[in-house]
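Participant: Mind looking at a prediction? Sequence and model below.
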Amino acid sequence: MNRDELADFLRNRRARVTPTEVGLPSGERRRTPGLRRQEVAQLAGMSIDYYIRLEQGRGPHPSRQVLNALSRALMMTQDERAHLFDLAGQALEAPRIREDVPDSLLHLLAFLEDVPAYVLDARCDIRAWNPMANLLMHDLDSQSPDQRNVIRWVFKSPDIAEYLEDEEKSRFARASVADLRVALGRYPDDAPLQALVAEMLALSPEFAELWARHEVEVRREQRKCVHHPRVGVIEAICQVMPVPDRDDLRLVLYTTEPGSPSHQALRELRQLTISS
């Protein structure tokens, strides 16, 4: 159980829920945003003293019943609820991030000849990719394993300030950090994951600011605009698909609308993979 992280997460979520959202009167002017501790305890059906101890990082191990009540009281999303349980040490088993990629997934990548596709692990490391993804994403073949990390790509960029001014790119950066926090809650003992977070907190104020928000969200579908030097602009849908029986891996596909200029650009990219 990570008491400090659990306490921070509860305080953060309490500040984001308004009385009207949970059916309480807003009443007199409040000094701080969100719900009062007493209101959370009331909504969750527990004593105010017990809840205060949880927020102060000195409470006992909360039961699954208590965690369910808190997730309902604080209107948590499915991803946030799962993160709450992870922080409280309520995972059914100790999950781990493995280093291997199943052969079946490698075969699928090879079969996807017309679509950029790669395999992403819970540390945001790209583990495997096809030729289309290699051409689309900065020549993955020539990069070291440490370089093939989405978080490092974004937040170690010298143009990070300009990057975050773009609404679409800023949304991607924020979602990536939220996804990484989910991973740390799920795999709290993974040393490389801990090292990545520590590295980025030390090197990137932008990452540290987003990390402090305690947002949690598993990455799913998102639109992206890629400026490729040889085929031009590709407006793609980045689809993030879970891998059966491997919670630490996801398959990422870049697809385009059939008949669109972006679809034509992908076809030109395909020709480059054939000729190279």
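Facilitator: Great, that's in hand.
Participant: ranges for the strands of the protein?
Facilitator: Here the chain has its strands, by DSSP state E, at 117-121, 126-129, 222-228, 232-243, 246-255.
Participant: for the second one, packing partners?
Facilitator: Looking back up the chat, that one is strand 126-129. helix 103-111, strand 117-121 (3 or more Cβ pairs under 8 Å, 6 or more residues apart in numbering; DSSP states H and E). (Glycine included, C-beta is placed from N, CA and C.)
Participant: can you list the ones you listed in JSON lines and add mean pLDDT?
Facilitator: Shown next, in JSON lines, are these (pLDDT from 0 to 100):
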{"stretch": "helix 103-111", "mean pLDDT": "93"}
{"stretch": "strand 117-121", "mean pLDDT": "95"}
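Participant: Could you name the stretch from those that's closest to G57?
Facilitator: strand 117-121 (30.2 Å; Cβ to Cβ).
Participant: Burial check on the nearest residue to L203 once chain neighbours are set aside, number of neighbours?
Facilitator: Leaving aside its sequence neighbours, L203 sits nearest to K156 (Cβ to Cβ, 6 or more residues apart in numbering; 6.7 Å). Neighbour count of K156, defined by other Cβ atoms under 10 Å: 15.
Participant: before we move on, the earlier item: hey, least reliable of the strands of the chain by pLDDT?
Facilitator: Lowest mean pLDDT within the strands of the chain: strand 222-228, at a mean of 84.
Participant: Which among the strands of the chain is found nearest to P19?
Facilitator: Nearest of the strands of the chain (Cβ to Cβ): strand 222-228, 32.6 Å.
Participant: So in that sheet, which strands flank the closest one, and in what orientation?
Facilitator: strand 232-243 (antiparallel) (DSSP bridges).
Participant: which of the strands of the chain is buried the deepest?
Facilitator: Stretch with highest mean neighbour count among these: strand 117-121 (a mean of 23; mean count of other Cβ atoms under 10 Å).
Participant: Other residues contacting that one?
Facilitator: Outside of strand 117-121, the residues within contact range by Cβ atoms under 8 Å, 6 or more residues apart in numbering are 97, 101, 105, 108-109, 126-130, 132-133, 137, 140, 150, 240, 243, 248-254.
Participant: Is P95 in contact with D247, as I believe?
Facilitator: Yes: contact status for P95 versus D247: in contact at 6.3 Å, counting by Cβ atoms under 8 Å.
Participant: Could you pull out the residues contacting both of the two?
Facilitator: Joint contacts of P95 and D247 (Cβ under 8 Å, 6+ apart) are R186.
Participant: And the helices in the stretch 51-200 of the chain?
Facilitator: 64-73, 78-87, 103-111, 131-136, 150-155, 160-165, 167-186, 191-203 (DSSP state H, counting those that start in this stretch).
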